[in-house]
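S.K.: Need coordinates for the following:
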Amino acid sequence: MDESGSLNIINTISDINIFGEMAVFLEDKRSASVRAKTDVEVMAFPKNAFLQAASKIPKFNFSVMSSLIDRLNDINKKYVNVMEYKFVSSISFYILDNFINKNTDFASLDILKLSESTGLIQPEVLKTLFILEKNEAIYNFDTDNLPKVTFKIDKNKLFVFLRNFLYKKI
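M.R.: Below is the predicted model:
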């Protein structure tokens, strides 16, 4: 559950899988709860038995490491998506607040100042602007005088892009 009390699915595991092993390494602190969608059979290992099996049975040890690595890889992918979501939404709303709401379709930005005001690093700001350009939300994108950039804004395409982007699955 998150801070607001909402239940979040972090991962879905299938037949013959290991879960709960992180508690062994985190000194019994659980990082998540498990709920079954169907009837299941579960075999519990006390901490000492788990550690003995991990140290004496290479296949068991490999299975545990493989499970952890798969989950870490999934979390890494989700993190990248969440960060892109943050970048794109932050820059898009900055453009909306500072240009669209002031009835102008031309933007002149200082990447350094934009970076400071959004909390994003400069490459993230530029990458986001390139994403907006690729999706035709901005056009005539000029980076010849970095860190200053200029572009025109297509208000309708920006709204369509932002709506589609914000509703996509992370």
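S.K.: and residue 6, what does it touch?
M.R.: Counting by CB atoms under 8 Å, 6 or more residues apart in numbering, residue 6 makes contact with nothing. From N, CA and C alone the C-beta is placed, and that goes for glycine too.
S.K.: which SS state does it fall under?
M.R.: coil (DSSP: H, G, I helix; E, B strand; the rest coil).
S.K.: for the one helix or strand residue 90 maps to, packing partners?
M.R.: Taking DSSP states H and E as the criterion, residue 90 maps to helix 58-98. Judged by 3 or more CB pairs under 8 Å, 6 or more residues apart in numbering; DSSP states H and E, helix 58-98 is in contact with helix 47-56, helix 111-118, helix 122-134, helix 155-167.
S.K.: so it versus helix 111-118, what angle?
M.R.: Angle of helix 58-98 versus helix 111-118, following axes from the mean of the first three to the mean of the last three CA atoms, to 10 degrees, is 110 degrees.
S.K.: before we move on, back to that, so of the helices and strands packed on helix 58-98, which one's packed in deepest?
M.R.: Burial of the helices and strands packed on helix 58-98 is given as mean neighbour count (mean count of other CB atoms under 10 Å); helix 122-134 ranks first at a mean of 18.
S.K.: tell me which residues in the helix or strand following that one are buried?
M.R.: Sequence-wise, the next helix or strand downstream of helix 122-134 (DSSP H and E) is strand 138-142. Within strand 138-142, the residues that count as buried by 16 or more other CB atoms under 10 Å are 138, 141.
S.K.: Within its sheet, name the partner strands of strand 138-142 and how each one runs.
M.R.: Paired neighbours of strand 138-142 in the sheet (DSSP bridges): strand 148-153 (antiparallel).
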